[in-house]
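> structure, please.
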Amino acid sequence: MKKGFAIFLGLFLALILAAAQEIAHRTTVVNIEVPVRVFDGRKFVDHLKMDDFEVYENGRLQEIVAVYLVKKTTVERKMEAIKETKAPETSRNFIFIFSVSDYLKKIDEALDYFFSNVMLQADTVRAVSPLRTYRLIKGVADELPKQEIKNKLAGILRKDINRWGGDRRSLHRQIEDIVDMEGLDLDIKRSMCLELLRKMSDLDHIDESSLLKISNQLKQIEGQKIVFLFYQKEALPIPAFLADEAPLELRRDISLDVELIKKAFSDASITIHFIFLTNKPSDEDDITQLAIPKLARQDNSDSFFSAFTSLAKTTGGLTQSSANAAASFKRAMDATENYYLLYYHPSDYKQDGRFKEIKVKVKNSNYTVAHRAGYIAD
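Coordinates of the predicted model:
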């Protein structure tokens with residue numbers, strides 16, 4: 001009886017010990033994935049070895065366990081210090097966000113380039129217009145020609161953008177009409193114009209909640225997550241009698257917590273490319289055609305440009321500022337096609353909910369290195 005109990009006790013303790021070891025293994029062995037792009041000027045550097053990289057977390061040098069060179073979705077080369085049991089996920093998820101009031105010809109050319117030269121059948125694609133979000137159904141590329149898919153999406157985007165831009169132009173014309181009204185009390189004019197200017201300013205559909213929603217959705221998706229944000233330079237038409245107060249009251253600091261968004265996008269391993277279009281919206285052209293300059297332009301783009309330039313840099317993306325949306329998109333897309341996937345073991349990993357800063361260096365200090373800024377240990 002005692003012997004049987006002793007055997008049972010020994011087996012029980014062995015099971016407890018094995019379970020404890022498994023738990024310890026699961027809680028201490030954590031691999032952090034970092035997509036890294038290395039450039040010599042504009043040229044991607046594809047000959048690096050694992051010992052060419054150094055990774056720091058919160059300033060401390062970390063152990064690199066694997067590096068993979070990926071071109072499009074194919075692993076071209078793998079370098080491992082410790083044998084990985086799972087191949088890296090290299091699928092691609094593209095998100096296009098349009099904050100523009102005119103469907104420009106160059107935007108259409110950018111979409112043409114994407115569907116003709118970039119998109120693979122396994123890629124997922126989402127498009128966010130100023131009015132709503134669209135998602136291409138998985139497998140649609142197997143059933144329809146890419147050009148047909150592009151044409152359908154372009155038609156939807158053109159309709160949404162023109163409608164949104166039309167709302168903006170309608171408000172612009174109402175302000176012009178109020179300015180031209182004779183016999184209307186100046187205080188009433190001021191009040192009416194300010195209200196219309198607030199409505200114009202509030203038309204922007206890119207805010208903190210929408211961006212956090214995107215980051216939360218994409219965090220659950222494996223593979224590469226690449227966002228292209230097309231933003232058209234904008235200005236508000238300011239009547240001369242509001243020149244002193246409107247710039248102060250309507251100065252639009254971008255309505256989001258930039259640091260919060262930067263951490264959320266970095267944690268979700270989202271790369272964002274910011275394409276700042278310097279084309280004048282058509283309502284601004286109307287202002288320049290006025291015989292008498294009754295309206296001035298207040299450019300509200302600077303805070304947006306600063307915030308999203310910072311976001312692009314933090315996530316390993318590019319900022320392109322140009323009137324040519326197609327050329328800017330192509331440069332950003334070319335920078336996205338090739339990358340290294342780097343894995344490292346964080347020393348003394350703790351699930352403390354804090355943001356851990358990542359810094360990747362290469363031995364050749366003349367190279368430009370782009371990668372996400374960190375992750376949240378949750």
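
> where exactly do the strands run in the stretch 51-200 of the chain?
For the stretch 51-200 of the chain, applying DSSP state E, counting those that start in this stretch gives strands covering 53-57, 60-61, 63-71, 74-80, 92-99, 124-128, 133-135.

> and among the ones you listed, the most buried is which?
Comparing those by mean neighbour count (mean count of other Cβ atoms under 10 Å), strand 92-99 ranks first with a mean of 22. C-beta: built from backbone N, CA, C; applies to glycine.

> now that one: average pLDDT?
For strand 92-99, mean pLDDT is 96.

> what sits against R77?
Y68, L69 (Cβ atoms under 8 Å, 6 or more residues apart in numbering).

> repeat for E63
By Cβ under 8 Å, 6+ apart, the residues touching E63 are A81, Y344, H345, S347.

> residues in a beta bridge with it, which ones?
H345 (DSSP bridges).

> tell me, what's the model's pLDDT at it?
Note on E63: pLDDT of 93.

> so where's the longest helix in this protein?
Looking across the chain with DSSP state H, the single longest helix is helix 146-180.

> now restrict the contacts of E63 to buried residues only.
Neighbour counting by 16 or more other Cβ atoms under 10 Å classes Y344, H345 among the contacts of E63 as buried.

> nearest to N151 among the contacts of E63?
Ranked by distance to N151 (Cβ to Cβ), the contacts of E63 are led by Y344 at 44.3 Å.

> which residue is nearest the middle of this structure?
What sits nearest the mean C-alpha location of the chain, by Cα atoms, centre = their mean, is I272, with 2.9 Å.

> and stretch 356-373, what's its mean pLDDT?
Mean predicted confidence for stretch 356-373 is 94.

> over to stretch 235-248?
For stretch 235-248, the mean per-residue pLDDT is 75.

> show me what contacts the nearest residue to W164 once chain neighbours are set aside?
Among residues not flanking W164 along the chain, P130 sits closest, at 3.7 Å (Cβ to Cβ, 6 or more residues apart in numbering). By Cβ under 8 Å, 6+ apart, the residues touching P130 are F98, S99, V100, S101, D160, I161, W164, L203, H205.

> how close does P130 get to G166?
From P130 across to G166, the span is 11 Å (Cβ to Cβ, to the nearest Å).

> repeat that for K313.
34 Å.

> next one: N117
Taking Cβ to Cβ, one finds N117 at 32 Å from G166.

> between these two, which one's more packed in?
G166 (13 against 10; other Cβ atoms under 10 Å).

> need the pLDDT of that one.
On pLDDT, G166 comes in at 94.

> M333 now?
95.

> ok, back up a step: starting at the chain centroid, how far to the longest helix of the chain?
23 Å (Cα atoms, centre = their mean, to the nearest Å).

> quick one: buried residues of that helix?
Neighbour-count burial for helix 146-180 [16+ other Cβ under 10 Å]: 146, 149-151, 153-154, 157, 160-161, 164-165, 167-169, 171-172, 174-176, 178-179.

> what helices or strands is it leaning on?
helix 105-113, strand 124-128, helix 186-202, strand 235-239, helix 282-288, strand 295-299 (3 or more Cβ pairs under 8 Å, 6 or more residues apart in numbering; DSSP states H and E).

> and the helix or strand hosting L212, average pLDDT?
L212 belongs to helix 208-219 when assigned by DSSP states H and E. Averaging pLDDT along helix 208-219 yields 90.

> what do you get for stretch 153-162?
97.

> mind giving me the packing neighbours of the helix or strand encompassing K356?
Assigned by DSSP H and E, K356 falls within strand 355-362. Secondary structure elements in contact with strand 355-362, counted by 3+ Cβ pairs under 8 Å, 6+ apart, are strand 32-40, strand 53-57, helix 258-267, strand 368-371, strand 374-376.

> same question for the longest one: list its buried residues.
Going back to what we said before, that points to helix 258-267. Going by neighbour count (16+ other Cβ under 10 Å), the buried part of helix 258-267 is V258, I261, K262, K263, A264, F265, S266, D267.

> got the angle between it and strand 355-362?
Put simply, helix 258-267 runs at 60 degrees to strand 355-362, going by axes from the mean of the first three to the mean of the last three Cα atoms, to 10 degrees.

> determine the angle, from 0 to 180 degrees, between the helix or strand just after helix 258-267 and strand 32-40.
Heading C-terminal from helix 258-267, the first helix or strand you meet, by DSSP H and E, is strand 270-277. In terms of direction (the same axes, to 10 degrees), strand 270-277 departs from strand 32-40 by 40 degrees.

> quick one: least confident helix or strand in this protein?
Here the helix or strand of the chain ranked lowest by mean pLDDT, DSSP states H and E is helix 2-28, holding a mean of 41.

> ok, back up a step: next one: the residue nearest to W164 from E33, what distance?
Counting by Cβ to Cβ, the gap from P130 to E33 is 33 Å.

> now do I376
Using Cβ to Cβ, we find I376 at a distance of 14 Å from E33.

> show the pLDDT at R251.
For R251, pLDDT reads 55.

> contacting residues for N151?
Contacts of N151 by Cβ under 8 Å, 6+ apart: none found.

> quick one: Y343 and P35 touch, right?
No: Y343 lies out of contact with P35 (Cβ atoms under 8 Å); the separation is 10.8 Å.

> the two: who's more crowded?
Set side by side, Y343 and P35 show more neighbours around P35, with 24 against 20, by other Cβ under 10 Å.

> skipping its backbone neighbours, what lies nearest that one in space?
The spatially closest residue to P35, leaving aside those adjacent along the chain, is Y339, at 5.0 Å (Cβ to Cβ, 6+ apart).

> one step back: TSV please, covering the buried residues of helix 258-267 and showing distance to A141 and pLDDT.
Formatted as TSV, the buried residues of helix 258-267 follow (distance: Cβ to Cβ, whole Å; pLDDT from 0 to 100):
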residue	distance to A141	pLDDT
V258	35	87
I261	31	92
K262	33	93
K263	34	95
A264	30	95
F265	27	95
S266	30	96
D267	30	96
